[in-house]
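**Student:** attaching a predicted model along with its sequence, questions to come.
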Amino acid sequence: MNTIRFLFLIVFPAFFFTGCGTYAPPPATEAPLVFPLESLAVFGFLSSPLPTGEKDGTVRSSLTGSIFVRGSVPSEIPEQLTARLYERLSMRLSLELISPDIARQAFSTVKDSSYDFDDKEIVRKTGESVPAAAVLAGRVFRWQERIGADFSISRPASVAFELALINVADGNVIWKGKFDKTQASLAEDLLDLNTFLKGKGRWMSVEDLAEIGLSELVERLPLAKKE
């Protein structure tokens, strides 16, 4: 009996750790995919307004198919977020950027003559007319300001928006990213330590929360970054 117990204590741990080894994550040095685009039209954001008389509810994005809980979005927010996005892209990306002003002028012309197009087709046509190899476009679905102060609130900030990188050649979405977050205390969400640290342990305004989201999406874009 002692011999069997001895073998079990040696063989079982070896088997266990060997089996776990097959689930090791890929090495951190693995290179991410980067699309070799020469030009990008930065269309930026539009809002996804609630129909008149309708309360907040779930909506599916016509650009990406992602699901969001939609809320009210002040009319000036998409333009403000677009300006911040373009500024960040100008600092980070090494390819030719076409400004939101130029992209939106082209969008207005395409939309006026193409009411039957879905969102992706309108965006593709916009990129085609600029011209650009791809278009970066998105929507803002929710923009809820906190009620309270830095360290005491009755309602936290909440924001939801997305970006889609659309290939002008075929209209396919070659990358999509979203930021959908309602700030929670560290005690409520132990897995979201990253947001807690970025917020320096305080309750953030919706603008501060959105800045974190923009930074994350720009860093995740599969496009060549400046050295």
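**Tutor:** Great, that's in hand. Since the model is a prediction, treat every value here as computed from it, not as a measurement.
**Student:** distance of the one residue sitting closest to the centre of the chain from S129?
**Tutor:** In the chain, the residue lying closest to the centroid (CA atoms, centre = their mean) is K178, at 2.7 Å. Distance from K178 to S129, counting by CB to CB, to the nearest Å: 27 Å. All C-beta spots, glycine's among them, are computed from the backbone N, C-alpha and C.
**Student:** the closest residue to the residue nearest to the centre of the chain other than its chain neighbours sits in which helix or strand?
**Tutor:** Spatial nearest neighbour of K178, excluding adjacent residues (CB to CB, 6 or more residues apart in numbering): E162 at 4.0 Å. Under the criterion of DSSP states H and E, E162 resides in strand 158-167.
**Student:** C-alpha coordinates for that strand, PDB please?
**Tutor:** The C-alpha coordinates for strand 158-167 follow below in PDB (Å, rounded to 0.1, in the frame of the first residue of the first chain):
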ATOM      1  CA  SER A 158     -21.700  55.200 -18.800                       C
ATOM      2  CA  VAL A 159     -20.600  55.300 -22.500                       C
ATOM      3  CA  ALA A 160     -20.900  53.100 -25.500                       C
ATOM      4  CA  PHE A 161     -19.400  53.600 -29.000                       C
ATOM      5  CA  GLU A 162     -17.800  51.600 -31.800                       C
ATOM      6  CA  LEU A 163     -15.500  51.900 -34.700                       C
ATOM      7  CA  ALA A 164     -15.400  49.900 -38.000                       C
ATOM      8  CA  LEU A 165     -12.600  49.800 -40.500                       C
ATOM      9  CA  ILE A 166     -14.300  49.300 -43.900                       C
ATOM     10  CA  ASN A 167     -12.400  48.200 -47.000                       C
END
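**Student:** what packs against it?
**Tutor:** Packing contacts for strand 158-167, counted by 3 or more CB pairs under 8 Å, 6 or more residues apart in numbering; DSSP states H and E, involve strand 67-70, helix 119-129, strand 134-144, strand 173-182, helix 206-220.
**Student:** make TSV out of the ones you listed and add distance to S158 and mean pLDDT.
**Tutor:** Formatted as TSV, the helices and strands packed on strand 158-167 follow (distance: least, CB to CB, whole Å; pLDDT from 0 to 100):
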stretch	distance to S158	mean pLDDT
strand 67-70	9	92
helix 119-129	24	91
strand 134-144	4	95
strand 173-182	4	95
helix 206-220	7	94
